[in-house]
Structures are given as structure tokens and as C-alpha cells.
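**Student:** Any chance you can model this:
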Amino acid sequence: MTNKTEIKPILQAQELTIGYANKIVAEEISVEINAAELVAVIGINGSGKSTLLKTLTGNLDPLSGKVLIQQKSLKDISVQKLSELISIVLTETHFSQNLSVEELVALGRQPYTNWLGQLSSEDRKAVQQALELLEITDKSQRKCGSLSDGQLQKVFLARAIAQETPLIFLDEPTTHLDLYHKIFVLQLLKKLTRKTEKAIIFATHEINLALQLCDQIILVNQGKIFQKTPEELIKSNLLQELFPKDLVEFDAASKSFRVL
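**Tutor:** Okay, the predicted model is just below:
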């Protein structure tokens, strides 16, 4: 395992202000993402989680400040190069259900294939390694339309792994999953950060699970963004301010929210 103290952050946001047109969603943002970290972005609906992710991935320009990836300004990175640095897994992803699992995972190699989209031996090796890592090699020829939500989520993760980027962003990766599969997916993400040393950043409403499994938490609340370890966040009392106190409260002893 790489010693994190000896490397610079993969991604940094410096004095960032995010929003749309003249509407500021959050400001004075400073975050750092290191290799082999699992990072959850949490906050109430409409707090700005998606806006933050879109800005960090280059899909939305910051109102001010800058984002650095491997010490280079995001605005100076070409679209081609960015596809080699960042892979994105969205909750609602449109795809042909007639594609086989292997074919969908192979789409992750598009940044590296020639203009005909032909896979080299290196591309095929990356696809096979991703299938093995997600333990879905036995489903490689199955049609994606025949998979369960949980199985399909693993296929999208395998596609992101096959893309071989140091950063993976996911938007609500446990949506539509039952409790067992929510835990399964988040534990899988944790395992992937350790095996691949990739940084995985995901937006989630599963705050209790994120506090148990993540290395870092980015909290978006009332126009401010805080980055802390789960332990630091719990001690900070910021979680107590996240929801109105008439229905739910955060219990530091159990590290979870509970109904009043």
C-alpha cells in the first residue's frame, strides 16, 4: 500500500464557489482527495451534492476558485485526458439492454481505443481484470437486461474500473437497492479502493453506512462544505445540525441518526 503521507492529493479544490449563473450554492470550499480513499458526499436533498460533483468532474464550471487534478488545473485538461483521469457512474444510466456484460464493461476502454473502437490485447486484459475484480466473470455473456439492480451496479463499477482512472465518481450508487445490497455495494467500494488504490467519491443518503465505512466525509449543508474523517465529523456536532430536530436526531454513541 502506498504511504499517503508521501504523495500529493489526486484532487484538490481551492477556494471554490459553486452554483449556476448568479446563484451561489456553496462557497469557500477546500477539499483534498487522496489515493485509496473512499469518500462520501452527504447532505439533505437540494443541498448541492450533485452541483459539487459536477464541478469537481468538470461538467460544471466553478463560479470562482479552481479544481486541480494531479496538480494541474481542471480547466487546462483536455476532454480526452480527463477521460483518462475520471470515470463517472450515474444512477440513471441509459444503455442497450441487449449488450452483454462484457460488452458494457468494454465501453470503459473508449478513451484508449482507435477511431474504430477496436479493442487491443491490452484493452481486453483490462476488461477481464475488471470482471474478475467485481467477481462477475461468470456473467460476462449475460445480457444486461436480464440482471438485477445489484448485479447491474457491479457491471457499471467494472466499466469504471476498466477505464483505469485514478478517480471514480458515483452518484447515489445504492439507489433502488435493499439494505443488504446497500451494505454490499459500499463494502465493495471500500475493497476496491484498497485493491486498486483508486479514490472513489460518491454522493449518498446512506449517512449511517457512510460513517461506518468511509475514510472521509464531505458534508454539504447550508451553503458550506466541510471535509472530515467520520470520527472528526461526529465530534464536531455538525451532524446534529443537518436535519430539523423535531423528527430525527444524531446519536453520537451509536454513530447513527434515530427517530425521536
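**Student:** Show me the helices in the stretch 101-250 of the chain, by range?
**Tutor:** Under the criterion DSSP state H, counting those that start in this stretch, the stretch 101-250 of the chain carries helices at the ranges 101-106, 121-133, 149-162, 179-196, 207-213, 230-236.
**Student:** looking at the ones you listed, which is closest to residue 259?
**Tutor:** Shortest distance between residue 259 and the helices of the stretch 101-250 of the chain, using Cβ to Cβ, is found for helix 207-213: 12.4 Å. Backbone N, C-alpha and C define where each C-beta goes, glycine included.
**Student:** helices or strands up against the closest one?
**Tutor:** strand 38-42, helix 179-196, helix 230-236, strand 256-259 (3 or more Cβ pairs under 8 Å, 6 or more residues apart in numbering; DSSP states H and E).
**Student:** if we can go back for a sec, pipe the helices of the stretch 101-250 of the chain into a markdown table and attach mean neighbour count and mean pLDDT per row.
**Tutor:** Shown next, in a markdown table, are the helices of the stretch 101-250 of the chain (neighbours: other Cβ atoms under 10 Å; pLDDT from 0 to 100):
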| stretch | mean neighbour count | mean pLDDT |
| --- | --- | --- |
| helix 101-106 | 23 | 95 |
| helix 121-133 | 17 | 95 |
| helix 149-162 | 22 | 90 |
| helix 179-196 | 16 | 92 |
| helix 207-213 | 18 | 94 |
| helix 230-236 | 16 | 95 |
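**Student:** For residue 21, the count of nearby residues, please.
**Tutor:** 6 (other Cβ atoms under 10 Å).
**Student:** and what of residue 109?
**Tutor:** Neighbour tally, residue 109, other Cβ under 10 Å: 22.
**Student:** how close does residue 258 get to residue 208?
**Tutor:** To residue 208, residue 258 is 10 Å away according to Cβ to Cβ, to the nearest Å.
**Student:** Correct me if wrong: residue 220 contacts residue 52.
**Tutor:** Yes - at 6.2 Å, residue 220 and residue 52 qualify as touching, with contact defined as Cβ atoms under 8 Å.
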